[in-house]
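**Q** This is a predicted model, with the sequence first.
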Amino acid sequence: MTRFVPPTAKIEMLQNIAFLEDLGDELEDMIALSAPNPNLRMVLLLMRGHLDGKVITATSMIGASRAPYATANRRLKEMVEAGLVEQRPRTKTGKSFSMHPSETLLEQWSQLSSRVKRLSTSRFGDAETPREATDYFFGGSYMNAKSIPPLQVLSEPLKLPGGVRVLVHGDPTFMVMDNLKRQFEQAIGTQIHQRAFSIDRLREEAVRNAARNASRYDILAVDLPWVGDFADRGILMPLDEAMDIARLDPADFHTAGLQAAHWGGKLYGVPAQTTPELLFYRKDLFAQAGLEPPKTTGALLEAAKALHDPQHGQHGIAWNAARGTALGHTVLMTMADFGQPILDMPPMAGGFETRHLADRRYRATIDTDAGLRAAEFLLELLKYSPPEILSMSWYERIRPYAAGRIAMAYGYTLLAPYFELDVASPANGQTGYLPHPAGPGATPIAPVGGYVLGIPANLPKDRIAAAVEALLVFTSPEAQKLYVQNGSRTNPRYSVASDPDVRRLSPVFEAVDAMSWRDELQFWPRPPVPEISDIIQICGEEFHDMLRGITSPREALRRAQARADAVIKTPELT
């Protein structure tokens, strides 16, 4: 495989390719007797195609040389024989090839890019020229803005019989990935077969796959709360057994998203989506009513009441309140808004300690004073919600918000395309993004959701290395930027969030990035313990009865606590 080229180095290479192309044009136009340099012209096209992820053929290189066919063909063969250019078969017959820069050429070009910038700056960047101007001309400001280049093509195709097989969730981000399948197939050199399921069916299929002698999938998408369970049950392979973790550039990932992918000190997946649940609110409606964006649960209720006008088809707020999994998530996150984790995790700066969870010495903390305040808050929210709220889940709460019937909605950023990409939506261009407003004595947080991509523990050994390479491509900054440019509103990397092209597409990226730096992105509200799915289901059932008026808040808390205690198997203390 071609060595890894950091994003900033790629940017510098692209800038210098453009500079040398333009300089060559000027020299050839100025001096009539000047002949083109066919080797340089072909290398410029080859390098640009490599960095832009485009297929380059021998014919296109010869055409770019600006030399007679026989001369250019001879020079191209010389570069192949010298080990500067590699040929990859494009068909099973092996009669058609794509051309790629070799490891040697990439190394030489990287050194040349550095020298060109240094020489240009030393010759022309004098004291009379503003530093901003020289930086801009030679790519400095472009690099400082951390603009990420296009997806690149691997120099060698992945050798995976039958192609790469991926099991994912059927959400907007993974559907974007499926829409871009041809581009990713070109990048990795083999076919991609993607199966998408709803969240519950995805979990069932992952568990069923683990019981097979050999995995049917090379890569699995795993919801963050499942990580501990899938690690304990041997469904996922610890990634340090398959790869050098440093290749992921771990420091580039949002801290909460990467920490949530760990269990027992080991990394079990690479964040593919870091999508916190935020409060979406209509800035125009708030301005018309003279309201400030709510930072506390009390202010949230006041705003919901003020904007609730059911006689005119407008409701204050929408949230996950459907029985079971949907409401269960809301219960856990609402308790966190009041400073109460669902388990007895020790407090620490910014939240609660999670590193000890693999020891399995924890208990549920539902029937508490903070739990009661959270239950009463949900009952208050019910007053300013649409009449169908008790059947609303992830998508159902966002669609009426996008249609203009809801003033506020709790929602994951991955659902923002419903209104950000719909110019007819009243919420388009009028949505503000906030962390969850906090209860008394608590601080605002943005509970992190999303998916990691991991390697099945029962994947045949002869497929692991290629699966890792595909995983690196699918989760790279270049891939993440591509997802965003094609409609995704999730992102796990700081480098992508700071990309100027990405920031222009949606204010959500800058907002989430700021929350991460303020340490508001937290995954402890849904700790990835093996019992978490059962606990979520329990809370979603007991609190639904409470919201329907069948039980009181105290009764709902007591019953949920008892059922959660029964599913947690704490090891005997020694």
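**A** All right, it came through fine.
**Q** The closest residue to Ala231 other than its chain neighbours and Asn37: what is the separation?
**A** By the measure of Cβ to Cβ, 6 or more residues apart in numbering, the closest residue to Ala231 outside its immediate chain neighbours is Trp263, 4.0 Å from it. C-beta: built from backbone N, CA, C; applies to glycine. Distance, Trp263 to Asn37, using Cβ to Cβ, to the nearest Å: 56 Å.
**Q** Listing request: residues of this protein with sub-threshold pLDDT.
**A** Counting by pLDDT under 70, the chain shows low-confidence ranges at 1-12, 26, 28-35, 52-53, 91-94, 111, 113-115, 117-146, 570-574.
**Q** 80 instead?
**A** By pLDDT under 80, the low-scoring segments of the chain are 1-19, 21-36, 51-54, 90-96, 103, 106-147, 349-350, 569-574.
**Q** Could you list the buried residues of stretch 341-361?
**A** Under the neighbour-count criterion of 16 or more other Cβ atoms under 10 Å, stretch 341-361 has Pro341, Ile342, Leu343, Met345, Gly351, Phe352, Thr354, Leu357, Ala358 buried.
**Q** Helices along the stretch 101-250 of the chain, start to end?
**A** Taking DSSP state H, counting those that start in this stretch as the criterion, the stretch 101-250 of the chain carries its helices at 103-124, 131-137, 140-144, 172-179, 181-188, 199-210, 227-232.
**Q** want to throw the buried residues of stretch 341-361 into CSV with distance to Pro276 and secondary structure?
**A** Converted to CSV, these look like this (distance: Cβ to Cβ, whole Å; DSSP: H, G, I helix; E, B strand; the rest coil):
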residue, distance to Pro276, secondary structure
Pro341, 17, coil
Ile342, 17, coil
Leu343, 20, strand
Met345, 19, coil
Gly351, 13, strand
Phe352, 17, strand
Thr354, 16, coil
Leu357, 20, helix
Ala358, 24, helix
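**Q** does Val452 count as helix, strand or coil?
**A** Using DSSP: H, G, I helix; E, B strand; the rest coil, the structure places Val452 in strand.
**Q** so who does it touch?
**A** Counting by Cβ atoms under 8 Å, 6 or more residues apart in numbering, Val452 makes contact with Ala221, Val222, Leu224, Val227, Ala260, Ala261, Tyr268, Gly269, Val270, Pro271, Ala272.
**Q** what about 7 Å?
**A** Neighbour list for Val452: Val222, Leu224, Val227, Ala261, Gly269, Val270, Pro271, Ala272 [criterion: Cβ atoms under 7 Å, 6 or more residues apart in numbering].
**Q** if I look at it, how far off is Leu248?
**A** Using Cβ to Cβ, Val452 is found at 11 Å from Leu248.
**Q** End to end on stretch 522-536, go ahead and measure it.
**A** Using Cα to Cα, to the nearest Å, the end-to-end distance of stretch 522-536 comes out at 17 Å.
**Q** Can you name the residues in contact with that stretch?
**A** Counting by Cβ under 7 Å, 6+ apart, 224-229, 232, 256, 259-260, 263, 325, 328-329, 332-333, 336, 341-343, 345, 351-352, 354, 357, 362, 364, 445, 447-448, 564, 567-568 sit against stretch 522-536.
**Q** Identify the residues contacting the residue lying closest to Gly189 once chain neighbours are set aside.
**A** Setting aside the residues directly before and after it, Gly189 is nearest to Pro157 in space (Cβ to Cβ, 6+ apart), at 2.4 Å. Neighbour list for Pro157: Arg88, Ile188, Gly189, Thr190 [criterion: Cβ under 7 Å, 6+ apart].
**Q** And for Ile550, the neighbour number?
**A** Neighbour count of Ile550, defined by other Cβ atoms under 10 Å: 11.
**Q** Next, it: secondary structure please.
**A** coil.
**Q** From Ser516, how far off is it?
**A** 40 Å.
**Q** Same check on Glu277?
**A** According to Cβ to Cβ, Glu277 and Ser516 sit 14 Å apart.
**Q** of the two, who's got more company?
**A** Taking neighbours as other Cβ under 10 Å, Glu277 and Ser516 compare with Glu277 leading, 26 against 21.
**Q** so the more buried one touches Pro447, yeah?
**A** Yes - using Cβ atoms under 7 Å, Glu277 is in contact with Pro447, at 5.1 Å.
**Q** Can you work out which residues contact both of those two?
**A** Shared contacts of Glu277 and Pro447, counting by Cβ under 7 Å, 6+ apart, come down to Met333.
**Q** list the contacts for the closest residue to Phe523 other than its chain neighbours?
**A** Sequence neighbours aside, Ala260 is the residue nearest to Phe523 in space, at 3.9 Å (criterion: Cβ to Cβ, 6+ apart). If you count contacts by Cβ under 7 Å, 6+ apart, Ala260 has them with Leu224, Val227, Val448, Phe523, Pro528.
**Q** Can you list which of the residues you listed are found in strands?
**A** Judged by DSSP state E, strands contain the following of the contacts of Ala260: Val448.
**Q** quick one: which of the contacts of Ala260 is most hemmed in?
**A** Neighbour-wise, these (other Cβ under 10 Å) top out at Val448, 30 neighbours.
**Q** gap between the residue lying closest to Arg493 once chain neighbours are set aside and Leu258?
**A** Nearest-residue entry for Arg493: Asp252, 4.9 Å, with adjacent residues in sequence omitted and distances by Cβ to Cβ, 6+ apart. Remark: distance between Asp252 and Leu258 (Cβ to Cβ) = 9 Å.
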